[in-house]
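Novice: need a structure here:
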Amino acid sequence: MSRDKASTMDADLHMIFGRPVPELYEAAAVPGASPALARALELRSFLALTEEQVARVRDRVHADMDLDRDMGELSAEKLRFDAQWLEAALDARDGYRAALGELLRTMPPPAQQARPVRTTQLRATATLPPSAAPAPQRAGAARVRRP
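Specialist: As a prediction, the model looks like this:
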């Protein structure tokens, strides 16, 4: 994926996980790595790729609109296509940023992620003495109304 390309959320990842992004990719590659880290880096890679697409379209439009460019080379159709491409890339970027931001907000702190989950089923072994158990009220007898 896009490990070498920067993304706009790299600082957030560094702050949350306490390591630079290249080190996070190394940490995610070891067995037993945090699933949250793997998911965050996957979203980050998609984000970096999408941000690169946004930059390419922006640069292409800027080049087409350059002051030194011949006005006869301008094409409304090409600019419409670039506008559609840019809109799609921006929508994807916004979606990846939102998904990654939500993941970072809702995941447990990194210190808690490394702990194995222990599931122990407890059994009650204490018994009550016979005098402590409540006695049934005339089992099966109907209540009599008193005036």
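Novice: from here on, contacts and neighbour counts on C-alpha atoms
Specialist: OK.
Novice: how deep is P31 tucked in, by neighbour count?
Specialist: Residues near P31, counting by other CA atoms under 10 Å, number 7.
Novice: show the pLDDT at it.
Specialist: What the model reports as pLDDT for P31 is 92.
Novice: for it, helix, strand, or coil?
Specialist: coil (DSSP: H, G, I helix; E, B strand; the rest coil).
Novice: where does this protein have its least confident helix or strand?
Specialist: helix 110-113 (a mean of 56; mean pLDDT, DSSP states H and E).
Novice: quickly find the element holding E102.
Specialist: Using DSSP states H and E, E102 sits in helix 76-106.
Novice: what residues sit buried inside that helix?
Specialist: Within helix 76-106, the residues that count as buried by 16 or more other CA atoms under 10 Å are 82, 86, 89-90, 92-93, 96-97, 99-101, 103-104.
Novice: and it, what does it pack onto?
Specialist: Helix 76-106 sits against helix 35-64, with contacts defined as 3 or more CA pairs under 8 Å, 6 or more residues apart in numbering; DSSP states H and E.
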